[in-house]
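Trainee: got a sequence here, can you build the structure:
(one chain, ligands or ions: 1)
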Amino acid sequence: MGRFNSIWYRLDVIADNPNYPIDLDEEWPLPAGRWLRFGPTSKCWHTIAHRLQFSKRNTALRLANVSRETMLIESLPIGTKQLNVEARRWILRKIYDLASEYFSLTLQGKVRSSLLLIDAFLPEPKSVSLSPIKENLHLGGVCMALVNEHYLKLKAGYLFPEISRRIQAFTDADPGVEIIRLGIGDVTQPLPPAVIDSFHQAVSEMGKPETFRGYGPEQGYQFLIDLILANDYEARSVHLESDEIFVSDGSKCDSGNIQEIFAVDNIIAVADPAYPVYVDTNVMAGRTGKADAQGRYHGLYYMPCTEANEFLPELPDRKVDIIYLCFPNNPTGVVAKPQVLKAWVDYALENQATILFDGAYEAYITEEHIPHSIYEIPGAKECAIEFRSFSKTAGFTGTRCAYTVVPKGLVAQTASGEPVSINQLWNRRHTTKFNGVSYPVQVAAASVYSDAGKAQVRQLIRYYMENAGIIRETLTAAGFTVYGGVNAPYIWMKTSSGMSSWEFFDQLLAEAHVVGTPGSGFGPSGEGYFRLSAFGSREKTEEAVERIRNRISP
Ligand SMILES: Cc1ncc(COP(=O)(O)O)c(C=O)c1O
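Mentor: Predicted coordinates:
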């Protein structure tokens, strides 16, 4: 009996089955009880394995491992038993069909508890039905490394590089114009003096043998964690423990990386529009199909946030597993009242879902009775992870310090139903892939909680929020429809009479020389909107809104 040799083959198979008319690229995740077909793009066994793993949790079977000689099919002991059997039979039949049609394989199947091991003795392939993919996979007889093809589903560029490209093209054509940027959500004011003093002092400590520090605890120094617990939580009657706080170098990384510890077949709910990191990291991880023309990825559960629902995502009409929430919201600037957050916590507890709560703009809440932390809602410690950042609070966008709260009461489960502590899993991930925030940065972050630090930070936030007020009021008076800017440093404005977000971007750039962020960059429901940020200097903010008022009609 021959063996499959080392060349990779393109396996062009369409195993159409009228009972299972699903094309994975079109419909994902698979509805329960229906199965996939291999499309003409199935390149090799590796790809087939990958595709079978797309099966939704309750579809109960996945191809766990495929070498060129062995296929290991793992039956997951959850979901309906009936479905497991049917699924197993169907997949097996497909594999037998494929194997015999294309490779004249001899398959030997053995059932061992929930594992079905198939030893495939692979002969030389028939030349007619298989074509070696020399041109793109094969180099000098050796297979090239395969890329993570999920990255190729990502829409062309991340929003901000596209904005930079358009600004560059505009300034290349007209170098003399002074452009005011109210686009990217970066701060402009320097670090508060208390922060700078502490930073200097800690840097000096690093220069003396007796106070030098090397690696610190990956989870953060205790002095900073204690201050976080006391000021950000105890002060709001939320009791958390030290080992529930994970200090990090940013909420972008944490809110992007957190999905890694959850299974790929979870159903993810995202607000639309949303901070792009939530969607893109799930695309990269393979939790979605391709994006449609509006940029909606198959397989994600979108929660449109529109004028009709006051930009508040509505509770899903079905079970989802992971929910991204961001309050105060980027980009819409809305906040969630206690009853809104309570409804989310209740939904999550009832549906055993996990909420990923991004509170990066918490410090901008000005109105009373708005929760600053999701843990102010009873039950949230059993269903929510919270991200906080010093970036927008204290001007740390370039200094990098944030933290993530993963309560020990938060539990998820394995496919076979075993409970797993999310805190332990995140700790494992964090300690393996992260080596801690530098000592001077943590000392600088700690100073944000000193009396002087608190006063200076309050002043900084007041400054930006006054900008927000100026943008809001000037544009409203000029006839624009404007949201946000009261509890958040973002103003969410409607574009002029039916313009698309990018058309409005181009008009604003060309005529007012002001840069904002097109709403469609945050999701399909952001189309027709535009985000202005309050992080500019006072002078530039005033100048920008004057230009918009004088040169752009609502
Ligand atoms: C909603 C949201 N979360 C997180 C971040 C990133 O924060 P950090 O600077 O801590 O990475 C941003 C930055 O713009 C944001 O808008």
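
Trainee: which SSE is immediately downstream of the longest helix along the chain?
Mentor: Criterion DSSP state H: the longest helix present in the chain is helix 451-477. The first helix or strand that comes after helix 451-477 along the chain, using DSSP states H and E, is strand 482-484.

Trainee: which elements pack onto that following strand?
Mentor: Counting contacts by 3 or more Cβ pairs under 8 Å, 6 or more residues apart in numbering; DSSP states H and E, strand 482-484 is packed against helix 451-477, strand 490-494. The way it works is simple: take the backbone N, C-alpha and C, and place the C-beta from them, glycine included.

Trainee: tell me which of these lies nearest to residue 311.
Mentor: strand 490-494 (7.2 Å; Cβ to Cβ).

Trainee: got the contact list for that closest one?
Mentor: The contact list for strand 490-494 (Cβ atoms under 8 Å, 6 or more residues apart in numbering) reads 185, 311, 329-333, 361, 468, 471-472, 475, 480-485, 519, 528-534.

Trainee: can you do 6 Å?
Mentor: 330-333, 471-472, 480-485, 529-533 (Cβ atoms under 6 Å, 6 or more residues apart in numbering).

Trainee: can you tell me the average pLDDT over it?
Mentor: Regarding strand 490-494, the rounded mean pLDDT is 97.

Trainee: near the ligand at all, that strand?
Mentor: No: on the criterion Cβ under 6 Å from any ligand atom, strand 490-494 is out of touch with the ligand, staying 8.6 Å away.

Trainee: nearest residue to the middle of the protein?
Mentor: residue 278 (1.9 Å; Cα atoms, centre = their mean).

Trainee: contact partners for it?
Mentor: Neighbouring residues of residue 278 by Cβ under 6 Å, 6+ apart: 270, 324.

Trainee: same check on residue 402?
Mentor: By Cβ under 6 Å, 6+ apart, the residues touching residue 402 are 248, 250, 251, 389.

Trainee: can you pull the residues of the stretch 251-400 of the chain lying near the ligand?
Mentor: Contact residues, the stretch 251-400 of the chain versus the ligand (Cβ under 6 Å from any ligand atom): 251, 252, 255, 275, 326, 330, 358, 360, 389, 391, 397.

Trainee: mind checking the SS state of the last one?
Mentor: Recorded secondary structure, residue 397: coil (DSSP: H, G, I helix; E, B strand; the rest coil).

Trainee: surely it touches residue 391?
Mentor: Yes: between residue 397 and residue 391 there is a contact under Cβ atoms under 6 Å: 4.5 Å.

Trainee: these two - which one has more neighbours?
Mentor: Between residue 397 and residue 391, counted using other Cβ atoms under 10 Å, the more crowded position is residue 391 (22 against 18).

Trainee: I'd assumed residue 398 was in contact with the more buried one.
Mentor: No: the pair residue 391 / residue 398 is not scored as a contact, 8.7 Å apart, by Cβ under 6 Å.

Trainee: on that earlier part again, return the most buried member of the helices and strands packed on strand 482-484.
Mentor: Mean neighbours per residue, mean count of other Cβ atoms under 10 Å, is largest over the helices and strands packed on strand 482-484 for strand 490-494, with a mean of 25.

Trainee: list the neighbouring strands of that one plus their orientation.
Mentor: Paired strands of strand 490-494, with direction, are strand 482-484 (antiparallel), strand 529-533 (antiparallel) (DSSP bridges).

Trainee: which of the contacts of strand 490-494 are buried?
Mentor: Buried subset of those (neighbour count, 16 or more other Cβ atoms under 10 Å): 330-333, 471-472, 480, 482-485, 529-533.

Trainee: any idea how far stretch 266-276 is from the chain center?
Mentor: Distance, stretch centre to chain centre, for stretch 266-276: 8 Å (Cα atoms, centre = their mean, to the nearest Å).

Trainee: and that stretch, end to end?
Mentor: End-to-end span of stretch 266-276 (Cα to Cα, to the nearest Å): 19 Å.

Trainee: what's next to that stretch, contact-wise?
Mentor: Counting by Cβ under 6 Å, 6+ apart, 159, 278-279, 282, 287, 300-305, 313, 316, 320-324, 326, 330-331, 522-523, 525-526 sit against stretch 266-276.

Trainee: now do stretch 188-205
Mentor: By Cβ under 6 Å, 6+ apart, stretch 188-205 touches 211, 395, 439-440, 443-444, 447, 450, 452-453, 456-457, 460, 535-537.

Trainee: pull the most distant pair out of the residues you listed.
Mentor: Distance extremes for those: the farthest pair is 211 and 536 at 38.9 Å, using Cβ to Cβ.

Trainee: okay, those two: which has more neighbours?
Mentor: Neighbours per residue, other Cβ under 10 Å: of residue 211 and residue 536, the larger number sits with residue 536, 24 against 12.

Trainee: assumed that one was part of a helix.
Mentor: No: Residue 536 is assigned coil when assessed by three-state DSSP, not a helix.

Trainee: for it, give me the pLDDT.
Mentor: 95.

Trainee: I'd like the distance from it to the ligand, if you could.
Mentor: Between residue 536 and the ligand the computed distance is 15 Å (Cβ to the nearest ligand atom, to the nearest Å).

Trainee: re the thing from before, can I get the strands paired with strand 490-494 in a markdown table including distance to residue 494 and mean pLDDT?
Mentor: Output for the strands paired with strand 490-494, formatted as a markdown table (distance: least, Cβ to Cβ, whole Å; pLDDT from 0 to 100):
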| stretch | distance to residue 494 | mean pLDDT |
| --- | --- | --- |
| strand 482-484 | 8 | 97 |
| strand 529-533 | 6 | 97 |
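
Trainee: to the ligand, which of these lies closest?
Mentor: In terms of Cβ to the nearest ligand atom, the element of the strands paired with strand 490-494 nearest to the ligand is strand 529-533, at 9.3 Å.

Trainee: around the ligand, pick out the residues from the protein.
Mentor: Contact residues, the chain versus the ligand (Cβ under 6 Å from any ligand atom): 185, 250-252, 255, 275, 326, 330, 358, 360, 389, 391, 397, 402.

Trainee: now with 5 Å, please.
Mentor: Taking Cβ under 5 Å from any ligand atom as the contact definition, the chain meets the ligand at 185, 250, 251, 252, 275, 326, 330, 358, 360, 389, 391, 402.

Trainee: doesn't the fourth one belong to a strand?
Mentor: No: assessed by three-state DSSP, residue 252 does not belong to a strand; its assignment is helix.

Trainee: quick one: contacts for it?
Mentor: Each residue near residue 252 by Cβ under 6 Å, 6+ apart is listed here: residue 277.
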